[in-house]
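> Generate coordinates for the sequence data below:
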Amino acid sequence: MINPAILNFLVGIFATLGTVAVGYLTFRGTKIKTKADSRVAEIDRANEQLIALTQERTKLLERSNEIIESQANQIEKSNHIIEAQSEQLKIYKKQTALFQEQIAHLEKTIKEVTKERDELSHVLKKAKQERGV
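Numbers count the residues shown, from 1 in each chain. Down below sits the predicted model:
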């Protein structure tokens, strides 16, 4: 049979070894947990930064869309102005053509009136000459 003193001694040694092992494993576990917590905190910070960057990008995209929409509206307004100016130009061209017709008609009338005046002047001279004779 095993001597009780040796048995107590061995139990004490194994208990001490067990306590040391548990302490070491607890220390290692705590160290690993601390490292894991640190990594989780880093991931959380990175996620927060990613969320902030995504929100900023979304705001920039929204602003960009507003600018593009504004430019599209300005282009549409410009197109309406160009269409209106084109219509005004067509009207101006028609008016110009009418004025040219009126000028041609007036020039023709002036020539006719001048011809009639010259004829009347000639007839009047003849009449004066016949009276005077």
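
> Which strands and helices lie in contact with the helix or strand containing residue 16?
Using DSSP states H and E, residue 16 sits in helix 4-132. Packed against helix 4-132, as judged by 3 or more C-beta pairs under 8 Å, 6 or more residues apart in numbering; DSSP states H and E, are no other helices or strands. C-beta coordinates here come from the backbone N, C-alpha and C atoms, glycine included.

> Give me the mean pLDDT for that helix.
For helix 4-132, mean pLDDT is 92.

> any idea how far the residue most central in space within the chain is from residue 103?
Centroid check for the chain by C-alpha atoms, centre = their mean gives residue 68 as the closest residue, at 2.0 Å. Residue 68 sits 51 Å away from residue 103, going by C-beta to C-beta, to the nearest Å.

> Next, give phi and psi for residue 2.
Main-chain dihedrals, residue 2, degrees, to the nearest 10: phi -80, psi 140.

> what about it, neighbour count?
Neighbours of residue 2 under the rule other C-beta atoms under 10 Å: 7.

> Next one: it from residue 18, what distance?
To residue 18, residue 2 is 19 Å away according to C-beta to C-beta.

> before we move on, what about residue 32?
Counting by C-beta to C-beta, the gap from residue 32 to residue 18 is 20 Å.

> do residue 86 as well
For residue 86, the distance to residue 18 - C-beta to C-beta - is 98 Å.

> now residue 42
In terms of C-beta to C-beta, residue 42 sits 36 Å off from residue 18.

> just residue 66 next, same as before
70 Å.

> Kindly report the same for residue 30.
Distance from residue 30 to residue 18, by C-beta to C-beta: 18 Å.

> Run a quick neighbour tally on residue 64.
10.
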